[in-house]
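A.B. asks: below are the sequence and a predicted model for it; my questions follow.
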Amino acid sequence: MSVFERVSVVRRTLDYRTGTEGPKHDPYSFDEWTVTKQVQHGPVWEYILHTGLGVTLQVYKDEELIQYWTDEEPTNLWLHFQNLTGIRVDHLEKVYQRLHGPHLFCDKCGSHELSWSEGFAGEQIQYCVKCNSILWVADPGPCII
């Protein structure tokens, strides 16, 4: 048996989704982080952290719901998510931006005319010159103003 036969290959992906939920007359925004993990040819695990009207954590194994948690105190679920995925919740945005980076073209109109602008203290915003859509925000985190 060679050394290479004992090495397990782990594939992890991180996806982000945002939107609105709740009644149409009073919608609330939500963020949803999904970490997908597979070790070699084993099962595909999916961990979904949903923060919006409530905070939930869902665990799927090969697209079958295995576990579902909801908690009044989101810190408990954030710690559980961190233990399952190995990614701290306060680092999710940085990891996502490192993996996916700024856009090369506008998702809305397809234009390649993109530019950068300064937002709040230390914040950089990438936007489309043609349709003014905001494509990417580089947030430095909490700042004292």
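C.D. replies: Nice, thanks for sending it over.
A.B. asks: could I get the full set of strands for this structure?
C.D. replies: For the chain, strands defined by DSSP state E occupy the ranges 10-21, 28-39, 44-51, 55-61, 64-70, 114-118, 124-128, 134-138.
A.B. asks: could you say which one of those strands comes nearest to Asp107?
C.D. replies: Closest approach to Asp107 among the strands of the chain is made by strand 134-138 (6.9 Å; Cβ to Cβ). From N, CA and C alone the C-beta is placed, and that goes for glycine too.
A.B. asks: mind listing the strands the closest one pairs with, and their directions?
C.D. replies: Strand pairing for strand 134-138, using DSSP bridges, gives strand 124-128 (antiparallel).
A.B. asks: got JSON lines for the strands of the chain, with distance to Cys106 too?
C.D. replies: Shown next, in JSON lines, are the strands of the chain (distance: least, Cβ to Cβ, whole Å):
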{"stretch": "strand 10-21", "distance to Cys106": "17"}
{"stretch": "strand 28-39", "distance to Cys106": "22"}
{"stretch": "strand 44-51", "distance to Cys106": "27"}
{"stretch": "strand 55-61", "distance to Cys106": "32"}
{"stretch": "strand 64-70", "distance to Cys106": "36"}
{"stretch": "strand 114-118", "distance to Cys106": "7"}
{"stretch": "strand 124-128", "distance to Cys106": "4"}
{"stretch": "strand 134-138", "distance to Cys106": "6"}
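A.B. asks: is it possible to get a markdown table of those that adds mean pLDDT and distance to Asp107?
C.D. replies: Shown next, in a markdown table, are the strands of the chain (pLDDT from 0 to 100; distance: least, Cβ to Cβ, whole Å):
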| stretch | mean pLDDT | distance to Asp107 |
| --- | --- | --- |
| strand 10-21 | 84 | 13 |
| strand 28-39 | 88 | 18 |
| strand 44-51 | 93 | 22 |
| strand 55-61 | 94 | 26 |
| strand 64-70 | 93 | 30 |
| strand 114-118 | 81 | 11 |
| strand 124-128 | 83 | 9 |
| strand 134-138 | 76 | 7 |
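A.B. asks: fine by me, thanks again.
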